[in-house]
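Asks: Sequence plus predicted model, see below.
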Amino acid sequence: MAKIKNLADLRKLKDQLKSKSNLGDKGGQHEDLVQVKISMATCSIASGSREILNYLVDELEKRNIDATVIQTGCMGYCYAEPTVEVTVPGKEPVVFGYVDNRKADEIIEKYIKNGILLEGIIPVNYQKIDE
Amino acid sequence: MSEYKIYLLVCGGTTCKSQAGHALAENLKTEVKNQGLSDVAQVVITGCFGFCEKGPIVKVLPDNTFYTKVKPEDAREIVEEHVVRGKKVQRLLYKDPKTDKIITDPEGMKVYKKQVRIALRNCGAINPESIDEYIARQGYEALGRVLTEMDPQQTIDIIKKSGLRGRGGGGFPTGMKWELTAASKADQKYVVCNADEGDPGAFMDRSVLEGDPHSVIEGMVVCGYCTGATQGLVYIRAEYPLAIERLKTGIKQAREYGLLGKNIFGTEFSFDIELKYGAGAFVCGEETALIHSMEGKRGEPTMKPPFPSVEGYLGKPTTVNNVETFANISSIILKGHEWFSSIGTEKSKGTKVFALAGKVNNVGLVEVPMGITLREVIFEIGGGIKGGKKFKAVQTGGPSGGCLTEQHLDIPIDYDNLIAAGSMMGSGGMVVMDEDDCMVDMAKFFLEFTVDESCGKCTPCRIGNKRLFELLEKITKGNGNREDIERLVNLGNVIKDTSLCGLGQSSPNPVLAMIRNFPQEYDAHVVDKKCPSGVCKALMVYEIVAENCVGCTACARACPVGAITGERKEIHTIDKSLCIKCGACMDRCKFNAVIVN
């Protein structure tokens, strides 16, 4: 029951997936959804990212915010775990470090709802190869 | 509350902060308030930009303007010109040191981004448990092209021309390795992914497997096609449960999509991957030991040749590559060998992932182009030394590598330069040490590890390393002499020359490098019987300075072994034969009367 039988199948699937969920690639159509990514590598989980993931999923729903919460691997900012990256439609992604429940609450109330940045956000310091 | 129109981001990294970055942020806040712009602009103190050399830094959003070396008194001009009039303050913009050209956005952004992520391209960006997200970012496209449009030799040629070298530490050219296996004739061949990461302080491979397992799977399948193998094996330590889980999920998804299994992409080529668990022995990172362990035998190395490419797993030709090596493959195929070889130095192409650990501010996982300097990695990306202490050394290559010092900070990092400097690339651990670290104690730490991890098969490694360790212990206890240092060097060199495998051939490296780079520190231990960094407890003597002691009895009460005596309001003394050197008295004394020698 192979789904992908040739290269054309793969490319078709890729295009479908790209239009369905914009994964932060630039230039694509931005969705209306707020995208929240949480670093969930072993080290992040050890620093408490699983609780933050659960908290964000629950709270975003309770507060009626259209958002997708995605677990990712290590973002590389080990000193500031747990780390969370938020992409508000039409804006550059912002990385928040040392996130606890209080900070997660601030991220929702201040940044996602009102566009106010929090002290201590982490500047992205690497080049992506698809830029 | 409404949304702000302009954001002024001020770097709050340790280095910038120490250069009046804090005052700058305060001034900006005051200016914004005074000019009645509180509803328009927000001043935000951020984490480190990794560009400390040019700090303090102010970045303005949304137009991405990048101001460098900003002083607190520049705050007014930035607010008046940029925020109010919308004009950039030219004199504060970043100038390219070579061309003296002012760099504005968006290229300006790239200047301070010293990291380039190839192996980590998807780490932290996609859900590692979703093959769809990987495919949406061009995942498996490289495999599709290779299988349907290229023959194995063409693909090997691309890898060869790219200049990719093994990322596990040795730096053997990957394309050549594949070619050797491809040239071996056999009814069955294997691809092995070495995920037996074991250096203290290293977590690159774990992060790649946890963050982007499909990139490794894809690289393995390409390798299988090139070498004529139909079975892949990942040798991974059982201590990495999450990496194992994500890899299993990835393999399952790839099978469901037909990207693993029979007739991949409708071609004649079939390939599947199986996991083999290791118990976490360091020596099993050595490829012959790894293969024996996978076969269910003791994880002990054997002489090479025969190389695994001729006689490997179950006696069949086998390609063994590291996790990070595989993670690079698909990008090279998609973007071309010219692109890949344009990054890096003459003989070391592409990037390297390092696990930056120890006494730096920004501990983390970094991927940098080959040829970057240690100074840039430690002082820019790493944000400098913790607590403003002085840099002393950095250990690269883990327990097989050596330490590099101040004088090596500006050499471009690549395989050959690091070896020339007396260390090695290794798999990518980078442990930074500051003035508080003792080089005898550090050498002892790494040797203790190799003594534990030696498999015991050959005598030089099994007994020699143990003797090295004992000599170091003797020195840290204060019983060493000059001859012991000579003995360390002689024995170390013999172990290097006579051991069977890479573990023993490299295990004396840390101690030899430390003796070479810090002879005065070793001398201090054996001649003066002192530890300049105050680490070796046996060499420390706590004393009470009579002039400062007021007889408050605080130290005596704090002493857990009753080694301090003295009447109230009289000078106290420490009985050195009882003292356990815990330092409690020193912490408690408010009059700086307790000192340590």
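Replies: It's in.
Asks: any idea of the mean pLDDT in the host helix or strand of B:E218?
Replies: Using DSSP states H and E, the element containing B:E218 is helix B:213-227. What helix B:213-227 shows for mean pLDDT is 98.
Asks: Helix B:213-227 and whatever helix or strand comes next after that helix, what's the angle between them?
Replies: Downstream of helix B:213-227, the next assigned helix or strand under DSSP H and E is strand B:231-237. Put simply, strand B:231-237 runs at 140 degrees to helix B:213-227, going by axes from the mean of the first three to the mean of the last three CA atoms, to 10 degrees.
Asks: Tell me how far the next helix or strand after strand B:231-237 lies from the chain's centre.
Replies: The helix or strand immediately downstream of strand B:231-237 is helix B:241-256, counting by DSSP H and E. The chain centre lies 25 Å from the centre of helix B:241-256; the measure is CA atoms, centre = their mean, to the nearest Å.
Asks: Buried ones in helix B:241-256, by neighbour count?
Replies: Using 16 or more other CB atoms under 10 Å in any protein chain shown as the test for burial, helix B:241-256 gives B:L242, B:A243, B:I244, B:R246, B:L247, B:T249, B:G250, B:I251, B:Q253, B:A254. For the C-beta atoms, the positions are set from N, CA and C on the backbone; glycine is no exception.
Asks: Could you export it as CSV, CA atoms only?
Replies: The C-alpha trace of helix B:241-256 is given here as CSV (Å, rounded to 0.1, in the frame of the first residue of the first chain):
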residue,chain,number,x,y,z
PRO,B,241,14.8,6.8,24.5
LEU,B,242,13.2,9.8,22.9
ALA,B,243,15.5,9.7,19.9
ILE,B,244,14.7,6.0,19.5
GLU,B,245,11.0,6.7,19.7
ARG,B,246,11.1,9.4,17.1
LEU,B,247,13.3,7.4,14.8
LYS,B,248,10.9,4.4,15.1
THR,B,249,8.0,6.7,14.3
GLY,B,250,9.9,8.1,11.4
ILE,B,251,10.7,4.6,10.0
LYS,B,252,7.1,3.5,10.4
GLN,B,253,5.8,6.6,8.5
ALA,B,254,8.4,6.2,5.8
ARG,B,255,7.3,2.6,5.3
GLU,B,256,3.7,3.6,5.1
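Asks: Let me see the mean pLDDT of it.
Replies: 96.
Asks: Is that helix in proximity to chain A?
Replies: Yes. On the criterion CB under 8 Å from any CB of the partner chain, helix B:241-256 is in touch with chain A at B:L242, B:A243, B:E256.
Asks: and which of the residues you listed is nearest to chain A?
Replies: Closest approach between these and chain A, by CB to the nearest CB: B:L242, at 4.9 Å.
Asks: shouldn't that closest one be in contact with A:I45?
Replies: Yes. Using CB atoms under 8 Å, B:L242 is in contact with A:I45, at 7.3 Å.
Asks: Can you tell me the SS state at B:Y277?
Replies: The three-state label given to B:Y277 by DSSP: H, G, I helix; E, B strand; the rest coil is strand.
Asks: same question, B:L356
Replies: B:L356 - assigned by three-state DSSP - is strand.
Asks: Now do the same contact list for it.
Replies: Contacts for B:L356 were tallied using CB atoms under 8 Å, 6 or more residues apart in numbering or on different chains; they are B:N362, B:V363, B:G364, B:L365, B:V366, B:V377, B:I378, B:I381, B:G382, B:M430, B:V432.
Asks: what's the neighbour count on the fifth one?
Replies: Spelled out, that is B:V366. The local packing of B:V366 (other CB atoms under 10 Å in any protein chain shown) involves 29 other residues.
Asks: ditto for the first one
Replies: The local packing count at B:N362 equals 26, with neighbours defined by other CB under 10 Å.
Asks: The nearest residue to it once chain neighbours are set aside: what's it in contact with?
Replies: Using CB to CB, 6 or more residues apart in numbering or on different chains and skipping the chain neighbours, the partner closest in space to B:N362 is B:G383 (4.1 Å). For B:G383, the contact set (CB under 8 Å, 6+ apart) comprises B:G13, B:T14, B:T15, B:C48, B:G50, B:C52, B:V360, B:N361, B:N362.
Asks: Same question for A:G48.
Replies: A:E81, A:P82, A:D100.
Asks: how close does it get to chain B?
Replies: 15 Å (CB to the nearest CB, to the nearest Å).
Asks: Go through stretch B:469-487 and flag the buried ones.
Replies: Buried, per 16+ other CB under 10 Å, within stretch B:469-487: B:F469, B:L471, B:L472, B:E473, B:I475, B:T476, B:G478, B:G480, B:D484, B:I485.
Asks: Need the residues that contact that stretch.
Replies: Residues external to stretch B:469-487 that are found in contact with it (CB under 8 Å, 6+ apart): B:438, B:440-441, B:443-444, B:447-448, B:451, B:488, B:491, B:511, B:515, B:522-523, B:525-527, B:529, B:531, B:536, B:538-539.
Asks: make it 7 Å
Replies: By CB atoms under 7 Å, 6 or more residues apart in numbering or on different chains, the residues outside stretch B:469-487 that reach it are B:440-441, B:443-444, B:447-448, B:451, B:488, B:511, B:515, B:522, B:525-526, B:529, B:536, B:538-539.
Asks: before we move on, which element is residue 45 in?
Replies: Because you didn't say which chain, this covers chain A. Counting by DSSP H and E, A:I45 is found in helix A:42-46.
Asks: The intended chain is chain B.
Replies: Using DSSP H and E, the element containing B:I45 is strand B:41-46.
Asks: now B:N490
Replies: helix B:482-498.
Asks: what residues does the following helix or strand past that helix touch?
Replies: Next in sequence after helix B:482-498, counting helices and strands by DSSP H and E, comes helix B:502-506. Here helix B:502-506 makes contact (CB under 7 Å, 6+ apart) with B:282-283, B:286, B:400, B:450, B:453-454, B:458, B:460-461, B:495-496, B:499.
Asks: And stretch B:530-545, by the same measure?
Replies: By CB under 7 Å, 6+ apart, the surrounding residues in contact with stretch B:530-545 are B:435-438, B:440-441, B:476-478, B:521, B:524-525, B:529, B:571-574, B:576, B:579, B:581, B:585-586, B:593-597.
Asks: how about the nearest residue to the closest residue to chain A within the stretch 201-350 of chain B, chain neighbours excluded?
Replies: Per CB to the nearest CB, B:G211 is where the stretch 201-350 of chain B lies closest to chain A, at 1.8 Å. Excluding the flanking residues, the one nearest B:G211 by CB to CB, 6+ apart is A:G73, at 1.8 Å.
Asks: Next, count neighbours for the one you found.
Replies: 32.
Asks: Spit out the contact partners of it.
Replies: A:A41, B:C123, B:G124, B:P128, B:S207, B:E210, B:G211, B:D212.
Asks: Great, nothing more from me.
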